[in-house]
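Any chance you can model this:
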Amino acid sequence: MTFIKQHHSTHNLTKTSTMKKLLMLPLALILFTCNSEKYELLNGKWNCHSWTIESSEDNQCSSNVYFMFSPDKTYSSKIGSLEEKGHFMLSGDKLICTPEGKMDIGVEINTLTQDTLRFTMSRSGQKEIVTLLKE
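As a prediction, the model looks like this:
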């Protein structure tokens, strides 16, 4: 009798584990699809529209600020006279850029549509909000 109860319990445990795996599959597909869509939206050249520092409402944008994101997850950017290249990845609502030979730089994406990318970052401990428009 004990053997039968143990076998039945093990069978239920396996059944529950299988059901959990089957329920996780659609969730994983949804997350993968959402991330794929974000990568697609991000591809292209983005020019600075506004760049504000929370402590000052002055627009820090100039015509010398752009970001170019490519389908192979590489990017290039120009901020004034500083030009960089590297790789990028998306993790949830974070955009993480890794310039060649430097450490990761992460920003929080607030808006990502076909024509607008808005993110929040911290530079020297001050909150900065950058809005880019797709070229």
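
list the buried ones in the helix or strand encompassing Leu90?
Using DSSP states H and E, Leu90 sits in strand 82-91. Residues of strand 82-91 classed as buried by neighbour count (16 or more other Cβ atoms under 10 Å): Glu84, Gly86, Phe88, Leu90. No exception for glycine: its C-beta is placed from N, CA and C like everyone else's.

Determine the next helix or strand in the C-terminal direction from it.
With DSSP H and E, the next secondary element past strand 82-91 is strand 94-99.

Closest one of the buried residues of strand 82-91 to Ser76?
Closest approach between those and Ser76, by Cβ to Cβ: Glu84, at 6.9 Å.

nearest residue to that closest one other than its sequence neighbours?
Spatial nearest neighbour of Glu84, excluding adjacent residues (Cβ to Cβ, 6 or more residues apart in numbering): Pro99 at 4.3 Å.

could you check the distance from that neighbour over to His87?
Distance, Pro99 to His87, using Cβ to Cβ, to the nearest Å: 9 Å.

repeat for Cys97
Cys97 is 8 Å from His87, by Cβ to Cβ.

list residues touching both of these two?
Residues within reach of Cys97 and of His87 at once, by Cβ atoms under 8 Å, 6 or more residues apart in numbering, are Tyr75.

so what's the most centrally placed residue in the chain bridging to?
With the centre of the chain defined as its mean C-alpha position, the nearest residue by Cα atoms, centre = their mean is Leu90, 2.7 Å away. Listed beta-bridge partners, Leu90: Leu95 (assigned using DSSP bridges).
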